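sequence below, structure please.
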Amino acid sequence: MQHIGAAKRLLRYLVGTKELGIVYNPCTYISNDPDSRKSLTDFAIRVASGAVSWASRRQIIVVQSTAEAEYVAACEACMGSEPTQIFIAIFIDIDINFSLGIDNQAAFVMASNPTYSRRTRHIELRWHYVWEQVVKKTVNLWKVNTDVNWANILTKPMAGCRHEALIKALDMHM
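You can find the predicted model right below:
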């Protein structure tokens, strides 16, 4: 019964904050594993101002550039947001604005206007999922400044004061 009460409180909260939307930022730490050369991806999904889901894991492929690593991370963030989107659509029945912040200019351009050039043609089609979601207008892209990208907290080492600032940006408490 305690879980049902918590679920009801969550649904009331989501209905009361439906105009605030969902924001998720992906981030990568390219080729930081010396053995596998695979990049680390992370993302955090926020509803209103609080993180409701997050992930930090190795990418399943070895990428050839930072831009590709960020593009793959954006795709994984889009796929990772689907359960939250489905939950809101089923239980709350409201339209929500989904935003994806990307801090890499090349990845931002690839996601918003993909072109098959000599530099991008090697990227597998499955990683173009993020572009498909942008075309369908289920995701809005925005360019986020690297210094204030709160997803960095999950992958990158940083000074204590910056770490604390990003913790506050995620509305978490230490």
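
may I have the secondary structure class of the nearest residue to Val144 once chain neighbours are set aside?
In this structure, Val144 finds its nearest non-sequential neighbour in Gly101, 3.5 Å apart by CB to CB, 6 or more residues apart in numbering. C-beta: built from backbone N, CA, C; applies to glycine. Secondary structure assignment for Gly101 (DSSP: H, G, I helix; E, B strand; the rest coil): strand.

ok, now how distant is Gly101 from Ala107?
Between Gly101 and Ala107 the distance, using CB to CB, to the nearest Å, works out to 11 Å.

what about the helix or strand encompassing Leu141, average pLDDT?
Element membership for Leu141 (DSSP states H and E) is strand 140-143. Confidence over strand 140-143 (mean pLDDT, whole number) is 88.

each with direction, which strands does it pair with?
Strand pairing for strand 140-143, determined by DSSP bridges: strand 98-102 (parallel).

test my guess that the residue nearest to Val144 contacts Val139.
No - Gly101 lies out of contact with Val139 (CB atoms under 8 Å); the separation is 10.8 Å.

if we can go back for a sec, between Gly101 and Ala107, which one's more packed in?
Taking other CB atoms under 10 Å, Gly101 and Ala107 do not tie; Ala107 has more neighbours (26 against 23).

mind checking the longest helix of the protein?
Longest helix in the chain by number of residues (criterion: DSSP state H): helix 66-91.

wait, what's in contact with Ser36?
Under the criterion of CB atoms under 8 Å, 6 or more residues apart in numbering, the neighbours of Ser36 are 58, 62.

for the remainder of this discussion, apply numbering that starts at 14.
Happy to do that; since the first residue is 14 now, the last one works out to Ser49.

and it, helix, strand or coil?
Of the three states, Ser49 takes coil according to three-state DSSP.

show the average pLDDT along stretch 83-101.
Stretch 83-101 comes out at a mean pLDDT of 86.

how about the strands in the chain?
Secondary structure of the chain, counting by DSSP state E: strands at 35-42, 53-60, 63-71, 111-115, 153-156.

can you redo the ones you listed as JSON lines with distance to Glu137?
As requested, those are arranged in JSON lines below (distance: least, CB to CB, whole Å):
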{"stretch": "strand 35-42", "distance to Glu137": "16"}
{"stretch": "strand 53-60", "distance to Glu137": "15"}
{"stretch": "strand 63-71", "distance to Glu137": "17"}
{"stretch": "strand 111-115", "distance to Glu137": "19"}
{"stretch": "strand 153-156", "distance to Glu137": "20"}
